[in-house]
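**Q** no sequence on this one, just coordinates:
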């Protein structure tokens, strides 16, 4: 990190170029603390949550449009699923940005599990 006495454009001396980062610090992936298996499990969990949200959203929208009596109820269930999925995406963004500690990523999995549980309950209610 440069201090206030470091010139902005360099002093013009030969050999004063900054050194490249060390091999261990130059990570190929975003999170170098994860093994490939952990990364695969994380991606598959997120894909499962996304599929569950899409299925529940499509079914609730279909029921909301086709039913005249409780159509608004089914539409509200779909909007609620979208809201929770938006919160999950916001949390992922905050963690990627670095504002949330990496040790607290378990909360993302907990929230994803809650979203999947709500998706199951929504599907049950839609076809009840």
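**A** Cool, the structure landed. None of these values were measured; they are calculated from a predicted model.

**Q** residue boundaries of the helices in this structure?
**A** Applying DSSP state H to the chain gives helices spanning 36-66, 71-97, 106-126.

**Q** Tell me the pLDDT of residue 87.
**A** Residue 87 is assigned 91 on the pLDDT scale.

**Q** quick one: the residue nearest the centre of the chain from residue 69, how far?
**A** What sits nearest the mean C-alpha location of the chain, by CA atoms, centre = their mean, is residue 92, with 3.3 Å. Counting by CB to CB, to the nearest Å, the separation of residue 92 from residue 69 is 38 Å. Where you see a C-beta, it was placed from the backbone N, CA and C, and this is true even at glycine.

**Q** Over to residue 93?
**A** 39 Å.

**Q** Neighbour count: those two, which is higher?
**A** A direct count of neighbours by other CB atoms under 10 Å for residue 93 and residue 69 places residue 93 higher, at 11 against 6.

**Q** Just the pLDDT for the more buried one.
**A** For residue 93, pLDDT reads 88.

**Q** before we move on, what about residue 21?
**A** 54.

**Q** Could you do the one 3 residues further on as well?
**A** The per-residue pLDDT reported for residue 24 equals 55.

**Q** what do you get for residue 113?
**A** In this prediction, residue 113 carries a pLDDT score of 94.

**Q** Same check on the one 3 residues further on?
**A** For residue 116, the model assigns a pLDDT of 92.

**Q** Residue 3 now?
**A** In this model, residue 3 is scored at 56, pLDDT.

**Q** what does residue 14 give?
**A** pLDDT, residue 14: 53.

**Q** Number the chain from 53, please
**A** Sure thing, new numbering starts at 53, so read that last one as residue 66.
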